[in-house]
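1. Sequence below, structure please.
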Amino acid sequence: MTSSFDEFEKVFWANHGLAVVVDEAMNIFDGETALRAKRMLTEGRHQAHVVHLVAQRAVDQLNATARQQADTAFIFRIAEADAKSLAGQFGIPALAQAHLLPQYHYFAVGPCGYCKLGETTP
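-> Below you'll find the predicted structure:
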């Protein structure tokens, strides 16, 4: 675990098959790390990496490439405008109702229009 993007990137490219979690993922898409982060998302799968991005607002905080490269997205209750935007981007009309989800409920969204309602425990 590190907060240094340079250190993180060295470990990322020197290894294969990592499960990587990036919390506050919007930070890696700002400034000088933006192009390098985009490359990790688009090319990291060639090294069998699985990258998990955590963000409070996917529409504003994750760039379009990050959202498009996602194999699965877990969408919890979000702002109505964000819900409508993600519904359009993923082509899944049900996501427009994500602003109405009860606490601990989410939509799991995957390839080919897959969308399932799920629930976590507190």
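
2. Could you check how far the residue of the chain most remote from its centre is from E7?
-> No residue in the chain sits farther from the centre than A14, which is 22.8 Å out by C-alpha atoms, centre = their mean. Applying C-beta to C-beta, to the nearest Å, the value for A14 to E7 is 11 Å. C-beta: built from backbone N, CA, C; applies to glycine.

3. can you map out the strands along the protein?
-> According to DSSP state E, the chain carries its strands in the segments 19-22, 50-53, 73-75, 105-109, 115-119.

4. On the pLDDT front, check L95 for me.
-> At L95, the predicted lDDT confidence score is 94.

5. Outline the domain layout of this structure.
-> The record's domain split for the chain, according to automatic domain parsing, is 1-70, 71-122.

6. before we move on, back to that, from Q47, how far off is the residue farthest from the centre of the chain?
-> Applying C-beta to C-beta to A14 and Q47 gives a distance of 10 Å.

7. For the two, list the residues in contact with both.
-> Residues touching both A14 and Q47 by C-beta atoms under 8 Å, 6 or more residues apart in numbering: none at all.

8. What sits closest to the residue most central in space within the chain if chain neighbours are left out?
-> When C-alpha atoms, centre = their mean is applied to the chain, the residue found nearest the centroid is L53 (4.3 Å). Spatial nearest neighbour of L53, excluding adjacent residues (C-beta to C-beta, 6 or more residues apart in numbering): A25 at 3.9 Å.

9. next one: H16
-> Nearest residue to H16 in three dimensions, chain neighbours excluded: Q47, at 4.9 Å (C-beta to C-beta, 6+ apart).
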